[in-house]
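S.K.: Got a predicted structure plus its sequence, pasted below:
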Amino acid sequence: MLHNSLISAGTGDDSQQGLPRWLLYACAVILLCAAAVFGFRDTEKTRRQLFANMRDRAGVLIWALEGGARSLGGGRHMPHRPLLPAKLIEEMAKQPGIVYVAITDSKGVSIAHSSPDQVGHPLHEQAPETPLPSSALQSALVEGESGPVLEVAKLFTPARYYTRGRRAHERFPEALQDEDEMPELAVYVGVDATPTLDELDDYIASTVILTTLVVFAGFCALFLLYYIQKYRRSKRLLHDAEALATKIGILAAGVAHEIRNPLSTVKGYATYLADKLRGDPKGASTALLMIAEIERLNRVVSDLLSVARPGKLELAPANPGEIVIRSLRLVEAEAQAKHIALHFIQADSPLRLLADSDRLVQALLNILLNAVQATSESGTITVEIGDKDSPAGFLALSVTDTGAGMTRETLNNIFTPYYTTKAQGSGLGLTITRQIVEQHGGSVRVASRPGCGASFTLILPLAKG
C-alpha cells in the first residue's frame, strides 16, 4: 500500500503539462503575420483614400472649368464652337495646393495653361507624345519642379457653344476661334502631393508604432501565459516532490527503527564477546571490529534519518564564537594526530545569532571533519567569523584548509546525497550541513581548486534587535 502511494505521489498528469513551446512560437509567428497584414491593409486603404480626395478635388475643378466654358458661350441653338476660358484657368490655379491647370491638344501641346509662358509647349517634356486621356478621371503621381504632383486628367468635353462675336478673341485662344469643329482636347490639373505624402508618412509611422506595440503586447501575453503554465506545473511538481519526500521520510524512519533494534542487540553480543575473548587476541580484535562496523552503520542510519526527516529547530540567542569553539574541541584530537594547526579568528565586534546551537555544531563539525581528512600532516585549518563578506544582516563563518582541494566535478556534486570521494564516507555529511544552514535561513558557499585547499562559508542571519 505504501509502495502504491509513493508511485502515485511521484506521477504527474501529462494533461497538465501546459503549452508546448512550439505552439508558443507558432502563435507568435501568426500574431506577427496578422499584425503585418492588417497594418499593410489599413495603410493601403488610407493611401487610396487620401489620393482619392485629391483626385476628387481636381475633378471638381475640371467640371467647373467645363461648366465655365459652357456659360461663356452662347445658346444651344447657335453654331457649335468650343470655349476655352484662359482667364478662368489662371484663377483656378491660384487655389491652395493647385500647381497648374492646362488644356492640351491631341499632340500634348498646351493651348491653355495657368502659366501663360507654357502655352505652345508640350505639357510633358519627357513624353511629348502622351496619348489623350479618356472621358473618365485618370490620375498619376509625377515629379514636378517643386516636388511630387498628382496629375489628374480627362478628355475636355464642354458643350459646343457659339464663340463668334466681337469679344470672342478676348476670351479664347486664337488657335480655336476659327475652327469649324471642336478638336479633341485634354484638361490636366496638377495637385501638390507633398502635404498628402507627408501625412501618409506620419500615418505609416504611427501605424508601425501601434502595430509594434500590439505585437509586443501579444508576445508578452503569450510568454506570460507560457510561464504561468510553467510555474503552475513546477509548483505542482514541487508539491508532489514534497509529498514524496514526506512519505520517504516516514519509510526511512520505519526502516531505521527496524534496523536499530537488531543493531543494538548485535552490538551487545559483540561487546560481550570482546570481554569473553580477552585472552584470545584474534577473537577480541574480531569482536572489536564488529563493534566499530555496527557503530558506523548506526551513524549511517542516523544521517539518513537527519536527511529524510529533519528535526525542528529549537531557536535561542547564540554566540557564534562559542559554537565554533565547541566544534573545534570535537575535532581537536584528530587534528593533533595529524599535526594540523587549528586557528580561530573572531569578529571585531560581538555578533549574535538566533539559532539552534546543537544543530549548527553538527553542521560545522561535518565541514571540520572533512577538512581534517583532506588536509595532509602539518597543514592548517582556519575558522573565521565576520560580516565583511556577507550581505547586510548576515554573518559569514568560513572554514579554510590547506588540503588537496577539489576538482570541478567534485564541487558540482558535494551536496548530492550519498556522493563521496572517501572509502568510508556515507556521502550525507555536507547534505545535512546545507540542510541545517538553510533551515536557519542561510546558505553555503564553496570555493576550491585542485592543490589549493578548500573554503566553506556559512552565511547565517544575525539576530534582530
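M.R.: Now that the structure is in, tell me what you want to look at.

S.K.: From here on, just use CA atoms for contacts and neighbour counts.
M.R.: Will do.

S.K.: Show me the shaky parts of the stretch 251-400 of the chain.
M.R.: Scanning the stretch 251-400 of the chain for pLDDT under 70 picks out the ranges 257, 303-311.

S.K.: the strands in it, which residues?
M.R.: 316-318, 341-345, 353-355, 380-386, 394-401 (DSSP state E, counting those that start in this stretch).

S.K.: Summarise which helices and strands the first one is packed against.
M.R.: I take that to be strand 316-318. strand 353-355 (3 or more CA pairs under 8 Å, 6 or more residues apart in numbering; DSSP states H and E).

S.K.: Mind checking the strands of the stretch 251-400 of the chain for the one nearest to F38?
M.R.: Nearest of the strands of the stretch 251-400 of the chain to F38, taken as CA to CA: strand 394-401 at 56.7 Å.

S.K.: Does anything pack onto that closest one? Which helices or strands?
M.R.: helix 357-374, strand 380-386, strand 454-461.

S.K.: domain assignment for this structure?
M.R.: Here the domain parsing of the chain from automatic domain parsing is 72-192, 316-461.

S.K.: So what would you say the end-to-end distance of the last one is?
M.R.: Counting by CA to CA, to the nearest Å, the length from the leading to the trailing residue of domain 316-461 is 13 Å.

S.K.: Return the distance of it from the chain's centre.
M.R.: The chain centroid and the centroid of domain 316-461 are separated by 39 Å, computed with CA atoms, centre = their mean, to the nearest Å.

S.K.: now do stretch 187-199
M.R.: Here the centre of stretch 187-199 is set off from its chain's centre by 45 Å, with CA atoms, centre = their mean.

S.K.: Residues contacting that stretch from elsewhere in the structure, which ones?
M.R.: With contacts defined as CA atoms under 8 Å, 6 or more residues apart in numbering, stretch 187-199 is touched by 50-51, 54, 58, 61-62, 97-104, 147-156.

S.K.: circling back to that earlier point, can you redo the domains of the chain as JSON lines with distance to R232?
M.R.: Output for the domains of the chain, formatted as JSON lines (distance: least, CA to CA, whole Å):
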{"stretch": "domain 72-192", "distance to R232": "59"}
{"stretch": "domain 316-461", "distance to R232": "24"}
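
S.K.: do you know which of those domains lies nearest R299?
M.R.: Smallest distance to R299 across these (CA to CA): 8.8 Å, for domain 316-461.

S.K.: Write the ChimeraX selection for whichever of the contacts of stretch 187-199 are buried.
M.R.: Buried members of these, defined by 16 or more other CA atoms under 10 Å, are picked up in ChimeraX with:
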select :50,51,54,58,61,62,98,99,100,101,102,103,104,148,149,150,151,152,153,154,155,156
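
S.K.: Apart from its chain neighbours, what residue comes closest to A404?
M.R.: Nearest residue to A404, sequence neighbours excluded (CA to CA, 6 or more residues apart in numbering): G451, at 4.6 Å.

S.K.: does the one you found belong to a helix or a strand, and which?
M.R.: Here G451, judged by DSSP states H and E, is contained in no helix and no strand.

S.K.: Can you check the pLDDT for it?
M.R.: The model reports G451 with a pLDDT of 86.

S.K.: Pull out the buried residues from stretch 86-99.
M.R.: Neighbour-count burial for stretch 86-99 flags A86, L88, I89, E90, M92, A93, I98, V99 (criterion: 16+ other CA under 10 Å).
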